[in-house]
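1. Make a model of this:
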Amino acid sequence: LGATGQQGGAVLRALVAKGVSVVAITRNPSSEKAKVLAGLSKVEVRQADLDDQKSLEAAFNGCDGAFVVTDFWEGMDPNKEMKQYENCANALKAVGGMKHI
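-> Predicted coordinates:
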């Protein structure tokens, strides 16, 4: 999560450079940034919403690791941000099989 941002994008590019296949999760796979990522070798773009645990579960399915970044600046609400991290943690637990978080 966060692959279209600066921090998540840097992690994605570092992993791809090492030959790792990456799932980039974004709210809007039609955005220009997401389209650029989709054009990279070893990158699959999937849609999910940090406020929707079920969409996160679907997006995490088949992954063995996760790098999760929220966008605090979007709403500047620490309670909402913590709920989004909770949704991610619950989704990761539900999917299971995670080796790296």
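
2. and the helix or strand of the chain with the lowest mean pLDDT, what does it pack onto?
-> In the chain, no helix or strand scores lower on mean pLDDT, DSSP states H and E than helix 72-75, which sits at a mean of 84. Contacts defined by 3 or more CB pairs under 8 Å, 6 or more residues apart in numbering; DSSP states H and E place helix 72-75 against helix 78-95. C-beta coordinates here come from the backbone N, C-alpha and C atoms, glycine included.

3. Let me see the ranges of the helices in the protein.
-> Assigned by DSSP state H, the chain shows helices spanning 6-17, 32-38, 53-60, 72-75, 78-95.

4. how about the ones you listed, which one is nearest residue 44?
-> Across the helices of the chain, residue 44 has its closest neighbour in helix 32-38 (7.8 Å, CB to CB).

5. Based on its surroundings, how many neighbours for the closest residue in space to residue 97 that isn't next to it in sequence?
-> Excluding its sequence neighbours, the residue lying closest to residue 97 (CB to CB, 6 or more residues apart in numbering) is residue 64, at 6.1 Å. Residue 64 is flanked by 9 other residues according to other CB atoms under 10 Å.

6. quick one: pLDDT of residue 64?
-> Listed pLDDT for residue 64 reads 94.

7. Right, I'll call it a day here.
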